[in-house]
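Asker: My questions are about this predicted structure, shown below with the sequence.
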Amino acid sequence: MKHTDYRDYSVDDLTRDDYFRHWVINHNRQSEAFWLEWLDQNPDCADKVQLARAFLQALAEKDTALAPPELDHIMANILQAGEPTVVPLWRRAAFRVAASVLVLLGLGFVAFRYISQQADPVSASLAELSPTLASASIEMVNTTSHPQTIRLQDSSTVLLYPRAKLRYSKRIDPDRREVYLSGKAFFSITKNPKKPFWVYTDQISTQVLGTSFLVNSTASDAKVEVRTGRVSVYMRTDVRRDRLAGKNESAGMVLTPNQQVAFSSIDKRLVKSVVEQPVTLNESPSNDYIFDEAPISQVFELLERNYGLTFIYDAPSLKECYLTANLANESLFDKLNLICKITRSSYELVDGQIVIHSQGCDNK
């Protein structure tokens, strides 16, 4: 891994740097991954990097192996800020090369500056993940004060909340379904095991096969909440790096119903937990929540089945714990608070699971 402070490098320094040349001229994958990530972290240096790239690419096109003094002279001509000096180009080969480099570099740099100013910055960041979304996509913006439903080509639906933006492809991709989201949206995805569905935000990437979930993305934070099915959430930087390296899998977090993951802008990591308001997945009669001296393990089994969450507890410690209470019409956390109060227990949320702590019960 490179630890050089490239921010202090000039265009000339970059063109002479071996790691930079490996990327531009040799198309080395490791170097490419490093420089793309470095540009993400140092966007203000993009102009300098593009200028150095264009210079090296122009020389490579000419298949020119110039001696260092001649390279210095060409670079000085490119970067000089004063009035251009009239030189008889036909007298030296180096000047003919310099002229061709200047033309290619000038046109390329002007085009780059124009495009970078005019193009959506989202397109530039998406180009590495999804060229289709970056170049051939449709963007929907909800300018109303109420959620709007958007139906995608595969019959999946997206409930787009006010001020949110959704970008999706104009054409059908044979390998995957992809969208980009800025803001808040609820997704109901049509199941297709052969074509996973990806939702990209600025910080995270979410992969599903067929499920329903909520994504809320801002400029610095992001959160995914699962309603049904299973969802895999990744750091977007990890997905980009692994795809550049040709890997088919990335290290992510798997979420099940009533679980969520949030991107921490401070720690730059994903944090898994339980959603703020868990909903029941299976409808149960109100009588199922009326307990009369019921073993506490039976209560936890009912809650696990209806909410899809895992309850972790020490069964031997709770074997003498029984519950007599009416938990109907209570939220999950209100149910837990009441259970813990009666059984002299406590609970905490750990990695999307509910952990019960108890010293045991004495009901005699």
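Answerer: Now that the structure is in, tell me what you want to look at.
Asker: if you average pLDDT over stretch 53-61, what comes out?
Answerer: Confidence for stretch 53-61, expressed as mean pLDDT, is 71.
Asker: likewise stretch 333-348?
Answerer: On average, stretch 333-348 scores 92.
Asker: List the buried residues for it?
Answerer: By neighbour count with 16 or more other Cβ atoms under 10 Å, stretch 333-348 contains the buried residues 335-336, 339, 342-343, 345, 347. All C-beta atoms are positioned from the backbone trio N, CA, C, and that covers glycine.
Asker: got the residues you listed as CSV, with secondary structure columns?
Answerer: Compiled in CSV, the buried residues of stretch 333-348 are given as follows (DSSP: H, G, I helix; E, B strand; the rest coil):
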residue, secondary structure
Lys335, helix
Leu336, helix
Ile339, helix
Ile342, helix
Thr343, helix
Ser345, strand
Tyr347, strand
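Asker: Among the residues you listed, which one lies nearest to Arg240?
Answerer: Distance to Arg240 across the buried residues of stretch 333-348 (Cβ to Cβ) is lowest for Tyr347, with 38.1 Å.
Asker: that older thread, is it possible to export the buried residues of stretch 333-348 to JSON lines including distance to Leu160?
Answerer: Supplementary listing: these in JSON lines, determined by distance: Cβ to Cβ, whole Å:
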{"residue": "Lys335", "distance to Leu160": "33"}
{"residue": "Leu336", "distance to Leu160": "34"}
{"residue": "Ile339", "distance to Leu160": "39"}
{"residue": "Ile342", "distance to Leu160": "44"}
{"residue": "Thr343", "distance to Leu160": "44"}
{"residue": "Ser345", "distance to Leu160": "42"}
{"residue": "Tyr347", "distance to Leu160": "36"}
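Asker: Can you mark which positions in whichever helix or strand Asn306 is part of are buried?
Answerer: With elements taken from DSSP states H and E, the one containing Asn306 is helix 296-307. Buried residues in helix 296-307, counted by 16+ other Cβ under 10 Å: 296, 299-300, 302-303, 306-307.
Asker: tell me which of those is nearest to Arg163?
Answerer: Tyr307 (31.5 Å).
Asker: measure that closest one to Leu56 for me?
Answerer: 58 Å (Cβ to Cβ, to the nearest Å).
Asker: So what's the gap between stretch 332-341 and the chain middle?
Answerer: Distance of stretch 332-341 from its chain centroid, counting by Cα atoms, centre = their mean, to the nearest Å, is 35 Å.
Asker: contacting residues around the residue lying closest to Lys170 once chain neighbours are set aside?
Answerer: Spatially, and ignoring its direct neighbours in sequence, Lys170 is nearest to Ala136 (4.9 Å; Cβ to Cβ, 6 or more residues apart in numbering). Counting by Cβ atoms under 8 Å, 6 or more residues apart in numbering, Ala136 makes contact with 169-171.
Asker: For this structure, name the helix or strand with the lowest mean pLDDT.
Answerer: Within the chain, no helix or strand scores below helix 93-118, which has a mean of 49 by mean pLDDT, DSSP states H and E.
Asker: Backbone dihedrals for the closest residue to Asn287 other than its chain neighbours, please?
Answerer: Residue nearest to Asn287 in three dimensions, not counting chain neighbours: Ala328, with 7.7 Å by Cβ to Cβ, 6+ apart. Phi and psi for Ala328, reported as degrees, to the nearest 10, are phi -60, psi 150.
Asker: Counting neighbours, show which residues of stretch 44-53 come out buried.
Answerer: Across stretch 44-53, burial judged by 16+ other Cβ under 10 Å covers 48-53.
Asker: Would it be right to say that Cys361 lies in a helix?
Answerer: No. Under three-state DSSP, Cys361 sits outside any helix and is assigned coil.
Asker: wait, doesn't it sit right on Arg344?
Answerer: Yes. Judged on Cβ atoms under 8 Å, Cys361 makes contact with Arg344 at a distance of 6.7 Å.
Asker: Figure out how far the host helix or strand of Leu270 is from the centre of its chain.
Answerer: Secondary structure from DSSP H and E places Leu270 in strand 269-274. When distances are taken as Cα atoms, centre = their mean, strand 269-274 is centred 14 Å away from the chain's centroid.
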